[in-house]
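Participant: got a sequence here, can you build the structure:
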Amino acid sequence: MFELKPLSHEAVPAALEKANRYRLLNEPGAAESIYLDILAVEPDNQEALKNIVLAMSDRFGKDYAVGDTHVNEYLAKITDEYERAYYAGIIYERRGKATLNKGGVGAYELFRQAMDRFEMAEAVRPHGNDDAILRWNGCARVINRNKLKPIESAGDFIE
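Facilitator: Next up is the predicted model:
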């Protein structure tokens with residue numbers, strides 16, 4: 001096994017910029033690697049925490065194995081209540097879109113979870129920030145356009 005080389009604290013701003021660029025270039029794995037290097041030297045770096053959550057959720061629809069445990073570990077370290085709820089909504093929304101693209105079973109529930117998180121974010125949002133409302137509306141439109149319905153539980157068929 002190789003021992004990873006530590007990033008210097010002075011290199012963090014440039015590393016954040018580079019990782020953000022990789023995300024924009026649709027290279028979430030490369031971005032995630034850089035965010036991990038940043039978090040190794042600055043474990044509470046809020047920008048890196050938010051962006052690693054985004055990079056990991058960028059991978060949901062790409063058939064990469066991304067465990068919810070790792071995403072949720074980083075999400076839990078986001079200190080701002082609004083941002084924690086907002087990014088949780090994004091995780092559920094992206095998981096819902098990936099599920100919808102693979103047949104859709106369970107997509108409704110994932111979008112509803114996203115909408116619940118966006119409502120939590122809306123309740124504590126900064127004045128003038130309607131991002132959570134925009135995301136909530138986007139989820140509602142996906143549900144409506146695709147005529148998604150909740151999964152019927154086995155208990156619905158008991159005689």
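Participant: quick one: the residue nearest the centre of the chain from Asp131, how far?
Facilitator: Centroid-nearest residue in the chain, with CA atoms, centre = their mean: Ile91, separated by 3.1 Å. The spacing between Ile91 and Asp131, counted by CB to CB, to the nearest Å, is 15 Å. Yep, even glycine has a C-beta here, placed from its N, CA and C like the rest.
Participant: output the contacting helices and strands for whatever helix or strand Pro13 lives in.
Facilitator: Per DSSP states H and E: Pro13 is located in helix 12-24. With contacts taken as 3 or more CB pairs under 8 Å, 6 or more residues apart in numbering; DSSP states H and E, helix 12-24 sits against helix 28-41, helix 46-58.
Participant: redo that, cut-off 6 Å
Facilitator: On a contact count with 3 or more CB pairs under 6 Å, 6 or more residues apart in numbering; DSSP states H and E, helix 12-24 meets helix 28-41.
Participant: same question for the helix or strand that contains Asn144, mean pLDDT?
Facilitator: Using DSSP H and E, Asn144 maps to helix 131-145. Helix 131-145 shows an average pLDDT of 98 in the prediction.
Participant: next, the buried residues of that helix.
Facilitator: For helix 131-145, a neighbour-count test (16 or more other CB atoms under 10 Å) marks 131-132, 135-136, 138-139, 142-143 as buried.
Participant: and the furthest pair within the residues you listed?
Facilitator: By the measure CB to CB, Asp131 and Ile143 form the most distant pair in these, at 19.1 Å.
Participant: wait, the residue nearest to the centre of the chain sits on Asp58?
Facilitator: No: counting by CB atoms under 6 Å, Ile91 sits too far from Asp58 to count as a contact (10.8 Å).
Participant: by mean pLDDT, point me to the weakest helix or strand of the chain.
Facilitator: The weakest-scoring helix or strand in the chain, judged by mean pLDDT, DSSP states H and E, is helix 68-76 (a mean of 88).
Participant: hmm, who's touching it?
Facilitator: Under the contact criterion CB atoms under 6 Å, 6 or more residues apart in numbering, helix 68-76 has outside partners 49, 52-53, 56, 87-88, 91.
Participant: most neighbours out of the residues you listed, which is it?
Facilitator: Within the contacts of helix 68-76, most neighbours by other CB atoms under 10 Å means Ile52, with 28 neighbours.
Participant: if you count contacts, what does the longest helix seen in the chain end up packed against?
Facilitator: Longest helix in the chain, counting residues (DSSP state H): helix 81-101. Judged by 3+ CB pairs under 6 Å, 6+ apart, helix 81-101 is in contact with helix 46-58, helix 68-76, helix 107-123, helix 131-145.
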